[in-house]
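**Q** any chance you can model this:
(chains A and B)
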Amino acid sequence: MAMPNDVAIPAKADARWANLVTSGPSQPPKSLALKFMLTRMNQDVKQDPSAQSVAKTVDELYGFFIKNPRMVAVDCSTFFA
Amino acid sequence: MNELYEASAVAEMIIAGKRLLLAGDEALLAALPKGDWIGGTIPYFMTSEGGLQTAKRVFVTEIPHGATTAIKTYDTSSLPDLAADHPGNGFTFLLLPAFSAVHLDFAKNVAHYTGVFERPLVGWVTGVAVDDIGRVQPKVFDGAFGRASSELAVAMHVELPAHQQASVDIINLFRPGDGDIISFTEGGFSVTEVLINGAQTNFARYLIDGAVDTQLPLIADYNGAMVNVCIRDVDAVSGTVSFYAPVFAGVSYRMAAPIGDYVSSFAAQLHGDLPAPVFSCNCILNYLYADLAGRTTAPLTGPVTFGEIAYMLLNQTAVYLTVRDVD
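**A** Okay, the predicted model is just below:
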């Protein structure tokens, strides 16, 4: 899916999604919602690092990007440039 | 519109059909006519002239023109589904009565509420005059039904036109100090045990023996957002430390570094291109500890609160909501 600033959202299988939910972003997101959501996801995956847990969390994060292209546009270009 | 008004003027606005977010004394809010408004109790405000305490006027925020609104109340069983009640683009404004079950549930669990991050969630925890804590219950008001509650949360879901986008952001002047790393094996609004650089000890004893300034919050880095947890009480006898927001297991905290003059530091944090906020609020602890009575933090004006909501429950933080036109 193309973003408003023309940075495409990678497929869910892209390893960068799993990196985001396990290790967090390499630089802080601009969106306050993403700062909080990724922190919660990082904590969840730290508590349960199973493949199933990671996959479920990636599903949630990917779905958030798909549903909220305006909100994540700047951060999408940072995470996936 | 973000100012204090006489109750009679507020009543006229309600009768005229304005959609309002209100803050003020319980007796003033209880006497207002039914209409498209929600409100919460508090007698402290940041105004364009400075901070002040009054029970004689009501702080009014008007919902932007072109928006549509829906008001709903929540208990602990329905609050986790809050986000599902919003129709689409816009924001949700939430009021929680301090010390209630919905306040505690929100504080502990909001990050796991379904869809809670999908649109701005902003609001505040209602309160009372500091001298009335424990004697008077903070309340929220559902203006549509003309009812007050000290147990329920009330929300106004605001839908904006497609060409507008709401954003919520925070100003937290505190930064982590360079002291010990503080973590907890169990979270909550009170603890006894703590891990100091990984070593277990009693938290009250740690704070007392170290003569730690407990007007400074614990602070954690949430991917770039600095989140405070303020210390409410240190009980040397029971060894218990209580907080105004929960600490969470697995999160690394430090005591915040002292800040200089709050007002000048606050002004330095304001972006020059900040659009006029639709709504803002600041914390009662900033008001008290930084002595904000008579001092201004404009353009951020609004109620002084017992907890700030920007998606999550925050402490000692200013929260503001903006709405801008988008392509």
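**Q** all helices of chain A, in order?
**A** For chain A, applying DSSP state H gives helices covering A:15-23, A:32-47, A:51-67, A:69-80.
**Q** just these: most buried one?
**A** Most buried of those, by mean neighbour count (mean count of other Cβ atoms under 10 Å in any protein chain shown): helix A:32-47, with a mean of 21. Backbone N, C-alpha and C define where each C-beta goes, glycine included.
**Q** next, name the residue at the spatial heart of chain A.
**A** Chain A has A:Leu61 as the residue nearest its centroid, 4.6 Å off, counting by Cα atoms, centre = their mean.
**Q** pLDDT score assigned to the residue nearest to B:His112 when sequence neighbours are not counted?
**A** Excluding the flanking residues, the one nearest B:His112 by Cβ to Cβ, 6 or more residues apart in numbering or on different chains is A:Arg40, at 7.1 Å. With respect to pLDDT, A:Arg40 scores 96.
**Q** from B:Ser149, how far off is the residue nearest to the centre of chain A?
**A** Using Cβ to Cβ, to the nearest Å, one gets 35 Å for the distance from A:Leu61 to B:Ser149.
**Q** compute the first-to-last residue distance for stretch A:20-32.
**A** 16 Å (Cα to Cα, to the nearest Å).
**Q** quick one: it near chain B?
**A** Yes: against chain B, stretch A:20-32 shows contacts by Cβ under 8 Å from any Cβ of the partner chain at A:Gly24, A:Pro25, A:Gln27, A:Pro28, A:Pro29, A:Leu32.
**Q** buried among the residues you listed? Make that a ChimeraX selection.
**A** The buried residues among those can be selected in ChimeraX (16 or more other Cβ atoms under 10 Å in any protein chain shown) with this line:
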select /A:24,25,28,29,32
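**Q** can you list the residues of stretch A:20-32 next to chain B in a markdown table and add pLDDT?
**A** Formatted as a markdown table, those follow (pLDDT from 0 to 100):
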| residue | pLDDT |
| --- | --- |
| A:Gly24 | 93 |
| A:Pro25 | 94 |
| A:Gln27 | 92 |
| A:Pro28 | 95 |
| A:Pro29 | 96 |
| A:Leu32 | 97 |
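**Q** may I see the residues of stretch A:20-32 next to chain B organised as a markdown table, with distance to B:Leu82 added?
**A** Shown next, in a markdown table, are the residues of stretch A:20-32 next to chain B (distance: Cβ to Cβ, whole Å):
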| residue | distance to B:Leu82 |
| --- | --- |
| A:Gly24 | 26 |
| A:Pro25 | 26 |
| A:Gln27 | 30 |
| A:Pro28 | 26 |
| A:Pro29 | 23 |
| A:Leu32 | 17 |
